[in-house]
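In: Compute the structure for the input listed below.
(2 chains)
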There are 2 protein chains.
Amino acid sequence: MIVWALLTSVGINLGLCLLFFTLYSVLRKQPSNLEVYAPRLVAAKEGSEQKNGFNFERLLPTAGWVKRAWQPSEDELLSVSSLDAVVFIRIFIFSLRVFGFAGIVGVLILLPINYLGNQLDVDFDFSDLPNKSLDSFSISNVNDGSKWLWVHFCAVYIFSGVVCYLLHYEYGYISSKRYAHYYSSKPQPHQFTILVRGIPVSSGSSCSETVERFFTEYYPSTYLSHAVVRRTNELQRLTSDAEKLYRRLVHLKSETKPQQRSRRDGFCGLFGRKVDVLDQYGKKLENLEDNVRMEQLSVAGKEVPAAFVSFKSRLGAAIALHIQQGTNPTEWVTERAPEPQDVHWPFFSSSFTFFSSSFIKRWISKLVVVVACAALTILFLIPVVIVQGLTNLEQLETWFPFLKSILNLTVVSEVITGYLPSLILHLFLSFVPPIMIMLSSMEGCISFSQIEKSACTKMLWFTIWNIFLANTLSGSVLYRFNIFLEPKKIPGILADAVPAQASFFIAYVVTSGWTSLLSSELFRLLPLISSIIKRPFSGKDDDEFEVPSIPYHSDIPKVLFFGLLGITYFFLAPLILPFLLVYCCLGYIIYRNQLLNVYAPKYETGGRFWPTVHNSTIFSLVLMHVIAIGIFGLKKLSLASSLTVPLPILTLLFNEYCRKRFLPIFKDYPVECLIKKDREDQNDPTIAVFYDKLRTAYKDPALMPKRHPRSTDDHNSPLLQAGV
Amino acid sequence: MIVWALLTSVGINLGLCLLFFTLYSVLRKQPSNLEVYAPRLVAAKEGSEQKNGFNFERLLPTAGWVKRAWQPSEDELLSVSSLDAVVFIRIFIFSLRVFGFAGIVGVLILLPINYLGNQLDVDFDFSDLPNKSLDSFSISNVNDGSKWLWVHFCAVYIFSGVVCYLLHYEYGYISSKRYAHYYSSKPQPHQFTILVRGIPVSSGSSCSETVERFFTEYYPSTYLSHAVVRRTNELQRLTSDAEKLYRRLVHLKSETKPQQRSRRDGFCGLFGRKVDVLDQYGKKLENLEDNVRMEQLSVAGKEVPAAFVSFKSRLGAAIALHIQQGTNPTEWVTERAPEPQDVHWPFFSSSFTFFSSSFIKRWISKLVVVVACAALTILFLIPVVIVQGLTNLEQLETWFPFLKSILNLTVVSEVITGYLPSLILHLFLSFVPPIMIMLSSMEGCISFSQIEKSACTKMLWFTIWNIFLANTLSGSVLYRFNIFLEPKKIPGILADAVPAQASFFIAYVVTSGWTSLLSSELFRLLPLISSIIKRPFSGKDDDEFEVPSIPYHSDIPKVLFFGLLGITYFFLAPLILPFLLVYCCLGYIIYRNQLLNVYAPKYETGGRFWPTVHNSTIFSLVLMHVIAIGIFGLKKLSLASSLTVPLPILTLLFNEYCRKRFLPIFKDYPVECLIKKDREDQNDPTIAVFYDKLRTAYKDPALMPKRHPRSTDDHNSPLLQAGV
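Out: Numbers count the residues shown, from 1 in each chain, chains lettered A, B, ... in the order given. Below is the predicted model:
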């Protein structure tokens, strides 16, 4: 890619970004778009909607929202959102620091050195800059065996040190935030509760009795209550059917005129005798509600050998969590309970019977998921290879000869080479997060937070493999799995391939980073379109309106992948760094804005996503070191190559140290914290009320009484009375 | 090696074995050897020695001891020894079962198939059997691409299944034994105690105060007492000096005549004025005891940030053990306390200040030990390679031409090729266990049991690397570390090299297995010699007599290594199996005998050595599978080669299952057990007495009052009164 092509791509994307920015500034001020751009505010003010009249200012693009997104302090952000949101924002702050340092070193020191080399046979002709290859700014342009490479060597060492220092600082900072957040929290059900699986139910007694007997015997002073999990999939189906029918009934009653209410009961409502539709629906609903009532009675028998067990103190729950319960380690398996609203109830209902009833089955399902995930990650290469092919015009012409005339147009060819490949890749990639979520929920995760955390890691590996490795190693090499059986050759292969793809990744940062961040994240293109389409059809049924939550599992890997690009290309092609810095600044402001206005936290893990960020950064560093070893070898500076070998080892040792020093903090709270909080509770007069709430906190929502009055005459629904 | 050479070697060793057996039968009946062959009985009957007169029967070799070793049931063995001893014996039972099955399949099915092949160009001439190469009994003799290889393929699958079944059975059996042993145990100090390291001592308060404050605050109901660890190396040195001087004094008083007691106080006792030696020593002793007293007072200030903390219940100790204590995971690090007599006090005194004071230092010392251990394991190859050279006569002749005439003698050459190599190897190997013990104690293990367990694993890897790999890959290949960077080639290299060394390992089983088992283990050659040498010099100072304990760290790896040989050579050269079966039978009887008569248990880990045995067997199986993949490839049966690939994966999955199902049992006891035992204690009237004992159980023995009366006039030593 030449400089001119890069500038074109940057120009196009800059234009798009400005367009989205302007449109956003205008559209967000229209009251009709409030649900898209500020659903949190809508949810907060529900009911008290004030429709302002037309205002000319509403049509002017302004940047006031940037200021409003910038202003709140971290504590304010924490108070309106969750610690996870703060951690997410810290990723940008961390990246800004890393790339700020890298940018200074890279652009001011490494870039001139690269450009002044003449390995690629280009002369110092500044006038011809636009037609220069981008490779002349990369390390490939430094002469083989040149002494200047020692500058790169030093830069790699210093940069690794700085990143490790920042990682250590950030880990410590977030740990302290996590403790502070815990200390300031009110008593919450999940702090007092554990999930017990693999309950050994003996014949002749129910699961509930077994749990009761076990915990009253071994935890007489701290055991409070338990809720056995039941298979409610049938009940859920019936309840949602009844709900739908009820809504249609209300809709019919309010909208249609009496004469329209009758129709024929035959084929397509055309033949047969006339019946009143309202009556028909009313009867159907009654039938359904009878069924619901019966199912609610029968569901009591559909026990699953798992239960949420609540204790009177946090320490009591921690003891049951940490110490093996029964003599058989595969029975009475305990795990931390998620927050009540975080529990993935469909999991318990549908797949629990197979995937989680016994220890062995759960283990097998985990293995199956790992295999499926690996298969998906590897097979996904096929569309990626096709995308790779699209960037190659000749290939395209041989495949589709009839397109020759179109492809010969300059505009078309430029769009195809510069923009289309990453767009298609992007499209394909958008299907992956839901699949990963599905795989994670099959894996045995019982809460949304666990599922997203697991999917986040999967997505990260997926992205690194499919975008980084597949693009740099041009697919075909990856399919020769042999290279993974010859680890010695890996540095050489990477060093050969990675610098060559610098221009692709710069374009990737600009298209997939800048533009898609602005279009999909800030502008919320898809929700906007769906809202515009829905508006004329939906009347007032706002009960379906839901505040979205931030999809950590797809957003965190994206940001981390840009981190990986920045770290690996830092000394190879420093030209990528300014673009990444812009991305980080944009991301910081935009995500702050979205967290304040759009996304409501669905759960609170207390910053448990940070270890993923840390590990990913360590991986990026080690990858950079491996490439450095290869590059210095290729550049005939074998001493530097050998001297780089200790660097990945030191980095991994540093990681091991952090695992010991900080990771346990993100797993559980220590006795010190637990007991301090427990003592606070003892002096709290509201604790008795809390215990009462705790007893029913982990009830399947399908078993909860639901209030929807039958009609205007305000009969209570039988659903309400039959709540188990 | 030809059959004849093997028979010679077997003959020599059988003769030696018989000799040792006979000698043992006779010598063990001599009362003067009781301390060598039945120290446990001596220790039990201490004082009541009855010297029987001469008895003719004492000179007759009898096999009565075999019967006596055979008879006791496992429970009886457990009651007189420890569960560890039972587990050790179970290794033999397990091996007997494995090799019994393998022997039947190998000798009856695989051996004839191997022999009837003609890949190695030998014809079916039974008359020439003695001059046949042993290779004609190995898989190398089966024709390339022969259908008979499918029999080997099936044998590998079936054998793996049987071994896994036996492993599962044995793991479950030992788990149940472990629980039963725990349930039947009396309250013991280590069940109620944990070791806390990394105590954050604030300036202005002592370590003891910090511990007291922390545990009374967070464990008010269960905390009992604590014992801060102190640096007592100086005190230990002084005490042992005083002890030595005291003994010499007693010896002088009892043995020498008054006129011999005076000597000159000048150079070498030749010049200067005459002094009474007794007086001189007495004064020295007084000085020393003054020093001891002062040191005992000053030692109180030499606190190390570590303490043994005792609780009133097992559950209390388990809670403190399993849940992170402080907000910083590197402080208040808890670990299970070993039994009081198992604590490695020298560790606390000497190396603790550096190696274990802070978390970081401890971690660094662990890393250093890992590196040192790896270096030792790898560098040890040099003597092994020399030994390899010795087996090669031509090499020896070129090195030492003057030996040519001697080397041409048949006897010499046969001894050199058949016997010397493994003898030299054996000699070298005997230096390794003490080094491994030293490394393990530097690693941060605080008890003898931990040290031995860790050294056991180290020895196992050492043995596998240096004896198995170095011998099969003939050293030179191993030094090209490249092959470990090309994992794809490993099966081929192993398949090429391993079958060729079958004869070496058969000889190894016979020499290093049979003979050294009988000579060093049963006959106790070295203790016998040292006892014979010491006897004329030592008078009655039996106080130095100590019942030995079984060196698990050197014995278990030895047995496991024979297991590895049996499993890997099962389908390659089944001829090794009968020899291994004999080894296992011998080992079973001899070790039972030794455990009943010789070794006293020094500690009780409750069978925690078994996971090592399990892992080693799994490793052997996977190694066999890798070799099988290589062999079937070499033999041009690539379908069988590919079909073997799932086998190691399945085996590793099986191992993973066992890790989940059984390993937690060997780490800790579940709440169920702990509470049941705690409740038993509540009804036990002697528990108050036990608590009193518990308070002082973890006191450094250097601080314990020692009773050695100054002289016959029975003054109590000041050591006694000054006990801190």
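In: give me every residue that touches the residue of the stretch 151-300 of chain A found nearest chain B.
Out: Nearest to chain B in the stretch 151-300 of chain A, going by CB to the nearest CB, is A:Tyr218, at a distance of 5.3 Å. From N, CA and C alone the C-beta is placed, and that goes for glycine too. A:Tyr218 is in contact with A:325, B:671-672, B:675, counting by CB atoms under 8 Å, 6 or more residues apart in numbering or on different chains.
In: domain assignment for chain A?
Out: A:3-187+A:447-674, A:191-361+A:681-721 (automatic domain parsing).
In: Need the ones you listed in a markdown table (columns: distance to B:Thr457 and mean pLDDT).
Out: Shown next, in a markdown table, are these (distance: least, CB to CB, whole Å; pLDDT from 0 to 100):
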| stretch | distance to B:Thr457 | mean pLDDT |
| --- | --- | --- |
| domain A:3-187+A:447-674 | 20 | 86 |
| domain A:191-361+A:681-721 | 22 | 78 |
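In: Tell me where the stretch 101-250 of chain A has helices.
Out: Using DSSP state H, counting those that start in this stretch, the helices found in the stretch 101-250 of chain A span residues A:111-116, A:149-183, A:207-218, A:233-255.
In: repeat for the stretch 401-550 of chain A
Out: Assignment of helices within the stretch 401-550 of chain A using DSSP H, counting those that start in this stretch yields the ranges A:404-407, A:410-418, A:420-429, A:432-442, A:448-463, A:470-472, A:476-479, A:482-485, A:490-497, A:502-508, A:516, A:525-534.
In: out of those, which comes closest to chain B?
Out: helix A:482-485 (3.9 Å).
In: For the residue most central in space within chain A, I want the exact helix or strand it lies within.
Out: For chain A, the residue sitting closest to the mean C-alpha position, by CA atoms, centre = their mean, is A:His553 at 1.7 Å. In this assignment (DSSP states H and E), A:His553 forms part of helix A:552-569.
In: again, but for A:Thr696
Out: Counting by DSSP H and E, A:Thr696 is part of helix A:687-697.
In: Show me what that helix is packed against.
Out: Under the contact criterion of 3 or more CB pairs under 8 Å, 6 or more residues apart in numbering or on different chains; DSSP states H and E, helix A:687-697 touches strand A:223-230, strand A:303-311.
In: okay if I get those as JSON lines plus mean neighbour count and distance to B:Leu473?
Out: Output for the helices and strands packed on helix A:687-697, formatted as JSON lines (neighbours: other CB atoms under 10 Å in any protein chain shown; distance: least, CB to CB, whole Å):
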{"stretch": "strand A:223-230", "mean neighbour count": "22", "distance to B:Leu473": "55"}
{"stretch": "strand A:303-311", "mean neighbour count": "23", "distance to B:Leu473": "51"}
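In: Can you give me the neighbour number for the residue in the stretch 501-650 of chain A positioned nearest to chain B?
Out: Going by CB to the nearest CB, chain B is nearest to A:Ile649 of the stretch 501-650 of chain A, at 10.5 Å. A:Ile649 is flanked by 11 other residues according to other CB atoms under 10 Å in any protein chain shown.
In: Where does it sit, in terms of helix or strand?
Out: If you go by DSSP H and E, A:Ile649 is part of helix A:646-661.
In: ditto for A:Ser642
Out: Under the criterion of DSSP H and E, A:Ser642 resides in helix A:638-644.
In: which of the residues in that helix are buried?
Out: A:640-641, A:644 (16 or more other CB atoms under 10 Å in any protein chain shown).
In: just the strands in the stretch 1-150 of chain A please.
Out: Along the stretch 1-150 of chain A, no segments are classed as strands by DSSP state E, counting those that start in this stretch.
In: Give the full set of residues in contact with the residue of it found nearest chain B.
Out: Going by CB to the nearest CB, chain B is nearest to A:Leu83 of the stretch 1-150 of chain A, at 16.3 Å. Contact partners of A:Leu83, counting by CB under 8 Å, 6+ apart, are A:177-178, A:181, A:604-607.
In: same thing with A:His168?
Out: For A:His168, the contact set (CB under 8 Å, 6+ apart) comprises A:654, A:658.
In: Distance-wise, check it relative to A:Asn615.
Out: Per CB to CB, to the nearest Å, A:His168 is found 14 Å from A:Asn615.
In: Same check on A:Ile576?
Out: If you measure A:Ile576 against A:Asn615 using CB to CB, the figure is 22 Å.
In: more neighbours, these two?
Out: Neighbour count, other CB under 10 Å: between A:Ile576 and A:Asn615, A:Ile576 has more, with 29 against 17.
In: I'd assumed A:Val510 was in contact with the more buried one.
Out: No: between A:Ile576 and A:Val510 there is no contact under CB atoms under 8 Å: 10.0 Å.
In: coming back round to it: could the helices and strands packed on helix A:687-697 go into CSV alongside distance to A:Asp681?
Out: Listed next are the helices and strands packed on helix A:687-697 as CSV, based on distance: least, CB to CB, whole Å:
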stretch, distance to A:Asp681
strand A:223-230, 13
strand A:303-311, 12
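In: looking at those, which is closest to A:Val66?
Out: Nearest to A:Val66 among the helices and strands packed on helix A:687-697 is strand A:303-311 (44.5 Å), distances taken as CB to CB.
In: now the closest one, how far from the chain's geometric center?
Out: 29 Å (CA atoms, centre = their mean, to the nearest Å).
In: now for that strand, which elements pack on it?
Out: Counting contacts by 3+ CB pairs under 8 Å, 6+ apart, strand A:303-311 is packed against strand A:193-197, helix A:207-218, strand A:223-230, helix A:314-322, helix A:687-697.
In: who wins for proximity to B:Pro305 among these?
Out: Nearest of those (CB to CB): helix A:314-322, 24.3 Å.
In: next SSE after that closest one?
Out: Counting by DSSP H and E, the next helix or strand C-terminal to helix A:314-322 is strand A:333-336.
In: Please name the strands paired to that following strand in the sheet, noting orientation.
Out: Partners of strand A:333-336 in the sheet, by DSSP bridges, are strand A:193-197 (antiparallel).
In: distance between the strand it pairs with and the chain's centre?
Out: The mean C-alpha position of strand A:193-197 is separated from the chain mean by 26 Å, CA atoms, centre = their mean.
In: circling back to that earlier point, closest to A:Ile490 among the contacts of A:Leu83?
Out: A:Gly607 (34.0 Å).
In: My read is that that closest one contacts A:Val86, right?
Out: Yes: shown here, A:Gly607 and A:Val86 form a contact pair, counting by CB under 8 Å, at 7.3 Å.
In: more neighbours, the two?
Out: Higher neighbour count among A:Gly607 and A:Val86: A:Gly607, with 22 against 18, using other CB under 10 Å.
In: Can I take it that the more buried one is in a helix?
Out: No: A:Gly607: not assigned to a helix; according to DSSP: H, G, I helix; E, B strand; the rest coil it is coil.
In: May I have the phi/psi pair for it?
Out: Phi and psi for A:Gly607, reported as degrees, to the nearest 10, are phi 80, psi 20.
In: residues touching it, list them.
Out: By CB under 8 Å, 6+ apart, the residues touching A:Gly607 are A:83-84, A:86-87, A:174, A:177-178, A:181, A:666.
In: How about the residues of the stretch 601-724 of chain A by chain B?
Out: A:653, A:657, A:660-665, A:668-675 (CB under 8 Å from any CB of the partner chain).
In: what distance separates the start and the end of stretch A:76-91?
Out: End-to-end distance for stretch A:76-91, by CA to CA, to the nearest Å: 18 Å.
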